[in-house]
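Undergrad: model the structure of this input:
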Amino acid sequence: MTRWLSLLVLLCGWTASLSAETKLEVTPDHASGVYQPGEPVMWTVRATADNGLPVTGELKFTVLKGGLTSLTQGVAVLHDGKAEISAERNDAGALLLNVKFVPPAPEKEITAYGGAIYAPEQIQASAALPDDFDQFWKQKIGELHDVPMNAQLERIDIGNEKVEYYHVTFDNIRGKKIRGQLAKPVGKSDLPALLQVQWAGVYPLQRAWVVGPAQNGWLALNISAHDLPIDSPQAFYDKQSANELRDYNRRGNNDREASYFLPMFLGCYRAADYLTERPDWNKKNLVVQGTSQGGYQALVTAGLHPKITGMAANVPAGCDHTGKQVGRAPGWPNWTSLVIAGSTPEQTLQTGRYFDAMNFARKITCPSLVGVGLIDTTCPPEGVIATFNQIQGPKELVIMPLADHKLKQEPYYPKFNKWQAERK
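TA: The predicted model follows:
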């Protein structure tokens, strides 16, 4: 009887491990994720069911150099829910491990990633600065300055006696508008200024994004990347995203005069200009910060505007548009994979050079903080770090070995909070 009970328990546990949802976790043998050329990285892959039991089976894996070029591939066998996979590279750059586990039906294939970065300080730009890069952007800023700012502020009562809150609108080039929100401590002047720019997508702005900084003593301005009202019902933004602004990230990517990002970047420049013209700015501290597309805009703004005194960009997009030329994956919006009808890959590639965060980074001299995830496939680490290496001023890189584009970014925020407090 005891034997049959033991067998029943074992069978129930085995059945549960197959039927429960499988989870994959990948960790490198260096907690930092940083290696030297020629040094092997050993990733440990752990597979468990959601009931905690180890999972057996096989893993299909590929290791990509620079997140793009296949270095090695194969099959690893899970023993007691664990497998080890090793690879190395002999030069500076990133390795990305792609692991797939196919569980019994009806579960779907599960994918996980592991990362490693080699000699990050040695990673170079993928292309030279265009000869007329400075001239082009000088002309575009001149075009912006030919348009009166026409700042419009609407004060809104948000029920907070300690914070003044406004909706703001400025004029941009070619009839477009810049829309955002501003907050500051009530009645205060001589304030440090913060410009917050937004990640990708189409959505309303949240008041907390400026009210929080204002409560901490900032003159805070937050602008949308799009010429849209900032507080409409969600259905409005869903419709815009599905129709008018669908694939906005590729619009005009074959013509530097038609790129969707041209007025977006000039909107950031104008927002910084506006803050410097306010009498309650302390004329000393002007910080720009953002995440993903917001990090992209932050890098651009700090590279263009001479009065920016601090720049923070977490998992920034827009880095390394020319990355494929040197065998590494470029970051979102990855224009070279989004060639529009009537255009050519070469036109897209050359246009991208005028909008590559890497080229704006060459102009940044203010203190800068950049976060990078080693398993980020949206904004791959090799291009982000190459961009970071172009920054000319004091700088700090936060390498997050387990972070993708959304998760496991906890190492960045304590660093950012301390860094931002030091900029006041």
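Undergrad: excluding chain neighbours, what is closest to Glu143?
TA: Nearest residue to Glu143 in three dimensions, chain neighbours excluded: Ile173, at 5.5 Å (Cβ to Cβ, 6 or more residues apart in numbering). C-beta here means a position set from N, CA and C on the backbone, and glycine is covered the same way.
Undergrad: avg pLDDT for the host helix or strand of Asn98?
TA: Here Asn98, judged by DSSP states H and E, is contained in strand 93-101. Average pLDDT, strand 93-101: 97.
Undergrad: which parts of the helix or strand that comes right after it are buried?
TA: Downstream of strand 93-101, the next assigned helix or strand under DSSP H and E is strand 110-118. Under the neighbour-count criterion of 16 or more other Cβ atoms under 10 Å, strand 110-118 has Ile110, Ala112, Tyr113, Gly114, Gly115, Ala116, Ile117, Tyr118 buried.
Undergrad: now swap in stretch 52-60 and tell me
TA: Using 16+ other Cβ under 10 Å as the test for burial, stretch 52-60 gives Leu53, Val55, Leu59.
Undergrad: distance of the first one from Ile364?
TA: Distance of Leu53 to Ile364, given as Cβ to Cβ, to the nearest Å: 50 Å.
Undergrad: re the thing from before, would a markdown table of the buried residues of stretch 52-60 with pLDDT, distance to Val287 and secondary structure be doable?
TA: Formatted as a markdown table, these follow (pLDDT from 0 to 100; distance: Cβ to Cβ, whole Å; DSSP: H, G, I helix; E, B strand; the rest coil):
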| residue | pLDDT | distance to Val287 | secondary structure |
| --- | --- | --- | --- |
| Leu53 | 93 | 49 | coil |
| Val55 | 91 | 47 | coil |
| Leu59 | 96 | 44 | strand |
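Undergrad: and which of these is nearest to Arg89?
TA: Leu59 (21.1 Å; Cβ to Cβ).
Undergrad: may I have the beta-bridge partners of the closest one?
TA: Judged by DSSP bridges, the bridge partners of Leu59 are Ala76, Phe101.
Undergrad: and it, how close does it get to Val41?
TA: Leu59 sits at a distance of 16 Å from Val41 (criterion: Cβ to Cβ).
Undergrad: which ones are touching Thr27?
TA: Residues counted as contacts of Thr27 (Cβ atoms under 8 Å, 6 or more residues apart in numbering) are Trp43, Thr44, Arg46, Gly114, Pro401, Leu402.
Undergrad: tell me the helices and strands packed up against the strand holding Asn98.
TA: strand 22-28, strand 41-49, strand 57-65, strand 82-87, strand 110-118, helix 381-390 (3 or more Cβ pairs under 8 Å, 6 or more residues apart in numbering; DSSP states H and E).
Undergrad: that strand versus strand 41-49: what angle between them?
TA: 30 degrees (axes from the mean of the first three to the mean of the last three Cα atoms, to 10 degrees).
Undergrad: and strand 93-101, which residues are buried?
TA: Going by 16+ other Cβ under 10 Å, strand 93-101 has these buried residues: Gly93, Ala94, Leu95, Leu96, Leu97, Asn98, Val99, Phe101.
Undergrad: closest to Glu277 out of the residues you listed?
TA: Ala94 (42.1 Å).
Undergrad: relative to Lys65, how far out is the closest one?
TA: 8 Å.
Undergrad: which neighbours do those two have in common?
TA: The contact sets of Ala94 and Lys65 overlap at Arg328 (Cβ under 8 Å, 6+ apart).
Undergrad: show me the domain layout of this structure.
TA: The record, using automatic domain parsing to delimit domains, assigns the chain the ranges 21-122, 133-422.
Undergrad: now the helices for the chain?
TA: Here the chain has its helices, by DSSP state H, at 2-19, 133-145, 208-215, 234-242, 261-277, 293-304, 345-352, 357-361, 381-390, 412-422.
Undergrad: just send these back as TSV, with mean neighbour count, mean pLDDT and distance to Tyr165 too.
TA: Formatted as TSV, the helices of the chain follow (neighbours: other Cβ atoms under 10 Å; pLDDT from 0 to 100; distance: least, Cβ to Cβ, whole Å):
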stretch	mean neighbour count	mean pLDDT	distance to Tyr165
helix 2-19	11	38	52
helix 133-145	15	98	27
helix 208-215	18	98	6
helix 234-242	13	98	21
helix 261-277	22	98	16
helix 293-304	29	98	21
helix 345-352	18	94	38
helix 357-361	27	98	31
helix 381-390	28	98	34
helix 412-422	14	97	20
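Undergrad: okay, those in TSV with distance to Gln325 next?
TA: Output for the helices of the chain, formatted as TSV (distance: least, Cβ to Cβ, whole Å):
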stretch	distance to Gln325
helix 2-19	46
helix 133-145	17
helix 208-215	37
helix 234-242	32
helix 261-277	20
helix 293-304	20
helix 345-352	8
helix 357-361	12
helix 381-390	11
helix 412-422	29
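Undergrad: follow-up on the earlier one: angle of the strand holding Asn98 against strand 82-87?
TA: Following the same axes, to 10 degrees, one obtains 150 degrees for the angle between strand 93-101 and strand 82-87.
Undergrad: chain center to strand 93-101: distance?
TA: On the basis of Cα atoms, centre = their mean, to the nearest Å, strand 93-101 sits 19 Å off its chain's mean C-alpha point.
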